[in-house]
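# Provided below for reference: sequence and predicted model.
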Amino acid sequence: MTKSAPHVVSNKIALLESMSYSMMYTLEARALATLYYPEFQFSDPYAVAIKNEVKAAIPIDKTDKDFIFSITERAKIFDRVTSTFLLQNRGATVLSLGCGLCSRANRLQQVTKGSGNKWINIDLKHVVEVRNVLYEEQSNISNKACDDIENANWLDELWSADPQPILLIMEGVSPYLTQEKLEKLLYNIGQKVRSQEGKLSILFDYCHPDYSYDGTIINNRSAKKVHFQAGFKQISGITSIVSGSEIIGRYNTLAGSSPAYANAEADFKSKNNGEAPYEIILLAFEGKAKDKFEGKAEDKIENLEYFGKPLFWNKRYTRESAANGNFLFLAETDHFICTQQEYETAVSFLLNGNRFYNNLQEEVFAIYCVNLFQDAGLLLDKEPEELVLVPDYASDPKEISVGEHRMLLLTDIPETMGLADFVKEISVNIPTLFVFTDDLLDPRLGRIQEEFLKDMAQWVIIKLSGAQLMLGPLFTISSSPNACYDCLSLQLWRNQPVRKWGTENKSGAMTIPVVFSVDHFFNHRKLLVDTLNGVMADDLSVLTVINALSAEITVHPVSPQYSCRQCNEPQGNKQSALVLSPRLKIKTNDGGYRTVAPSQSIKNLESVISSLTGVVGPVNCLTGDDEALSIYATVFSKVPRKNGLLKSDDFIQYSLGKGISKEQSKISALSEAIERYNAMYDGTEECTYAKGDQLDAVAFFPEMLKRYSQDQLERFAQNLNERQAVKEMPRDTVLHWTPAYSLLNQEKAWFPFTFCYSNTPYADEVYMRFDSNGCAAGNTIEEAVLQGFLELIERDAVAVWWYNRIPRPEVCIAGMNVDALSKIKNALGEDWDYWVLDLSHDFEIPVVVAVGKHKVSNEFRLGFGAHPEIAIACTRALTELYQIVVIAGQHKTAFKFNQITDQPFLYPAANMKQKVFEDYAIAVCPDIKGDVEYCLAQTARLGFDIFVVNTTRAAGVLHTVKVIIPGLIFIWPELGNSRLFDLPVQLGWQEQKLTELELNKQELFL
């Protein structure tokens, strides 16, 4: 509670004005967030009461949303971590050092009430005097004056014969300390803890020393700028001050507070080895005993009770707090993501005898949370009788000699299992180091060659625990094109995005428990020996996996990685003008022009296809191999960079294939996946951070590429979460740019980086979002450019037709390949009526839409196609129509096809003659270069330019590009693009232009 005593307060305000007013600044921000920004989900009624009581003039504009958000986000992180500590450590103590006017002790009373926790606020004497006036503290809260925080003497009186854990909070303190002072404070705290039986963790915000900034110290008489510089160049340097200390939590959501901050942070990280300019750190000090509380202390508590019955956490999962209020359960082959609130609610409910809550709504939510974890197999009624191994990355491996070979044990598998005898059964004539591990991403594996190989000529990894038994690859010390361990590590991390995401805010790798089964080991022993002998004999650079239950064997390629710093110096993806070369075409009527048959393309991609080590996963058939047409799908992994709560689907991206033949559908899916993967940010791209008018070539600003109307922009301003929603960008905004070169004149131009690459760390996305329009892959760069160009004009023509609702003539498809027609009819004919409409426009290249109408539900589906040959354009559209039929039936499309209303423009125009294939002039070229040159001529004739961003990665099997033609229309409505309104009139499709209000309101996207 706060006291109502303005006459006393007025006598103390003068004391406040004699010191930094930063405490009033942050208090004001918390009050304004409570009063005006409910979307921040933050409430501090104490700050509001004090603000009203003190009436001090604090110059914060309530419209300064970014600043207010940053203060409240920091407060929320401190609140959450503190709540977790209090819930899991009954009777513990919280010290708030440099507390100022923080109301956290009061805000968290619901958590501390009845728990036996103590809270001590520590600050300078006159600050404590003001606190005593303003706050009516609860009995478990006290205020303590301290004149010198650096010597840490204030800790002395806190220890007792049976000390409870202590959490020391320093919010907004260390950014004001020089590195020398911060080191002294942490060192003295560490010395105090080491001499006691104590357990202490520190939660503090931290600034990198190279992130110098100007702060403002304000009171009602003056304001002065102060230069701050504090912290450590490497966050790991903090742990070197006190031996045995460990960073157990890293948090930073402030980058979401403004694009400017996020961009500055991303640039800072790129120049400082990934170190952040600002973070919140949770540091554990090791005294004579140590306890880490962040998500782990309840492991040691036996009384998790649910209505009289004991519950146990599933020990196969590690549990960690994650960014943005997420909480992660991670196992060897599984994961579960929930909110931090759901986890903490369940824990507190189970630890407090199911009687923690004061109202029915809270209790219902708590029961829901417990049931959530039970249903997911995370909370168990009884503990399984199984040997769970948890790797200890800090321990030294055990070395054992076996004849001329050696074993290195990074596992706790019992020696009674006879691992030495297992090694003796391996036929190998070269001194070999056999490395037994429970985790192929154990950090100690990266030191094998340097520290443990010694006189051994080669080494091999063996994993005998868990659901996946793993053998290989074999690493040799000879110079060879084979991959090294770091290459393997890069490939494994690429396919473990959830673990990678969970590790990003931690100081070390997440440990994953695994089960060792004696039965599995002995049942599969011969298979393991035979398989490993094969690996050793063939010198295979593969990872062999044996399913512990079924004994099924899968083999995963391990190849040198272009980004591996051990093998080579990573090459940046530098752009240059493209030089097209002749590329002879092979005969095909399925999918499009190509230089390599689909079956050969698939074979060429074998080295990048794997669910464990590949760029993309294996293809899966969605329709069954016996179907007339087969639709294949694959996935690739990604670590999402978006803020907020995540779900499992955020870590993978699906790609779908289409085609008449199975091979074409497979390569279509794989090519799309690689195209999208290569367009994803990895830090090697060419990038410049500047204002557009400061660049050395023409810059295409966001409004020149996505031409939204004023009404659209005003709507976006109300909801930036809407698909493709952006802010208007002032011309003097500093932005990330990437170059592209014109195919017409080879001149360079600059494009917004977030337009060309996806999943970037830059907040520029608020001005320009990525889309895959124009992204393509091919066996050659010419193939890729042609496919990207055709996609652009296809979407352009479709947008003109769809939004203007223009009736178009039917295309007679009788001229298609007989086998293709038969397969399409068998796939669609029983349930769907379908027809093809001609959408070809001013580019004079065939563009068509295949329209399907269900015979019973009358729902519509659409498929599109564009190609110089009308037959191939129709094949593309019809196979895409079937693809949409399949995935829409499985509810996997974002576009709601069932909301398409029955309108005349969806049918063949009644007053137009049906078009036949002979009506289309086919530009027959002997090679793909000629086709591209024809497309370039059409582009130039219409007054457009065409640019290419080459997204091909080093050592890539396929060439990938993003083709850009500024001024064309995307299928997502660009209602500020005059071409959308003018072209139908120019082509004679309409007599007069429609207005924005007259356009089709259903926004089209696929």
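On my side now, so go ahead.
# So which residues of the stretch 751-900 of the chain form helices?
Listed in chain order, the helices of the stretch 751-900 of the chain (DSSP state H, counting those that start in this stretch) span 753-756, 781-804, 818-828, 870-889.
# Any idea which of those helices gets closest to Ala669?
helix 870-889 (9.9 Å; C-beta to C-beta). Just so you know, the C-beta spots here come from the backbone N, C-alpha and C atoms, and that holds for glycine as well.
# on that earlier part again, can I get the helices of the stretch 751-900 of the chain in a markdown table including mean neighbour count, distance to Gly774 and mean pLDDT?
Shown next, in a markdown table, are those (neighbours: other C-beta atoms under 10 Å; distance: least, C-beta to C-beta, whole Å; pLDDT from 0 to 100):
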| stretch | mean neighbour count | distance to Gly774 | mean pLDDT |
| --- | --- | --- | --- |
| helix 753-756 | 25 | 10 | 98 |
| helix 781-804 | 25 | 5 | 98 |
| helix 818-828 | 17 | 27 | 93 |
| helix 870-889 | 24 | 16 | 93 |
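# Out of the ones you listed, which is closest to Leu936?
helix 781-804 (8.4 Å).
# and the closest one, what does it pack onto?
Applying 3 or more C-beta pairs under 8 Å, 6 or more residues apart in numbering; DSSP states H and E, we find helix 781-804 packed against strand 775-778, strand 847-854, strand 860-866, helix 928-941, strand 947-950, strand 959-964, helix 978-986.
# Turn those into TSV, columns for mean pLDDT.
Shown next, in TSV, are those (pLDDT from 0 to 100):
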stretch	mean pLDDT
strand 775-778	98
strand 847-854	98
strand 860-866	97
helix 928-941	97
strand 947-950	98
strand 959-964	98
helix 978-986	98
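# which stretch among these comes nearest Glu996?
Of those, nearest to Glu996 by C-beta to C-beta is helix 978-986, at 8.3 Å.
# buried sites along the closest one?
Using 16 or more other C-beta atoms under 10 Å as the test for burial, helix 978-986 gives 979-981, 983-984.
# so who does the most centrally placed residue in the chain touch?
A centroid search over the chain (C-alpha atoms, centre = their mean) returns Pro640, at 1.4 Å, as the residue closest to the centre. Applying C-beta atoms under 8 Å, 6 or more residues apart in numbering to Pro640 gives the contacts 501, 646, 650-651, 759.
# Once you drop chain neighbours, what's closest to Tyr767?
Spatial nearest neighbour of Tyr767, chain neighbours left out: Met729 (4.0 Å); criterion: C-beta to C-beta, 6 or more residues apart in numbering.
# before we move on, back to that, export the helices and strands packed on helix 781-804 to CSV and tack on distance to Val347?
Putting those into CSV (distance: least, C-beta to C-beta, whole Å) gives the following:
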stretch, distance to Val347
strand 775-778, 45
strand 847-854, 50
strand 860-866, 48
helix 928-941, 61
strand 947-950, 48
strand 959-964, 46
helix 978-986, 55
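# Mind checking those for the one nearest to Lys574?
Using C-beta to C-beta, the nearest of those to Lys574 is strand 947-950, at 9.2 Å.
# Pull out the buried residues from the closest one.
Using 16+ other C-beta under 10 Å as the test for burial, strand 947-950 gives 947-950.
# Can you tell me the strand partners of it and which way each runs?
strand 734-742 (antiparallel), strand 959-964 (antiparallel) (DSSP bridges).
# Pick the most buried one from the ones you listed.
Mean neighbour count (mean count of other C-beta atoms under 10 Å) peaks for strand 959-964 among the strands paired with strand 947-950, with a mean of 25.
# can you pull out the helices in the stretch 551-700 of the chain?
Using DSSP H, counting those that start in this stretch, helices in the stretch 551-700 of the chain cover 598-604, 662-678.
# on that earlier part again, farthest-apart pair in the buried residues of strand 947-950, please.
Phe947 and Asn950 (10.6 Å).
# Can you report how many residues neighbour Asp421?
Asp421 is flanked by 10 other residues according to other C-beta atoms under 10 Å.
# what pLDDT does it get?
On the pLDDT scale, Asp421 is placed at 94.
# hang on, it in a helix?
Yes - counting by DSSP: H, G, I helix; E, B strand; the rest coil, Asp421 is part of a helix.
# residues in contact with stretch 459-467?
Here stretch 459-467 makes contact (C-beta under 8 Å, 6+ apart) with 332-333, 389, 411, 413, 417, 432-440, 445, 448-449, 453, 469-475, 514-516, 521, 528, 532, 535-536, 547-549.
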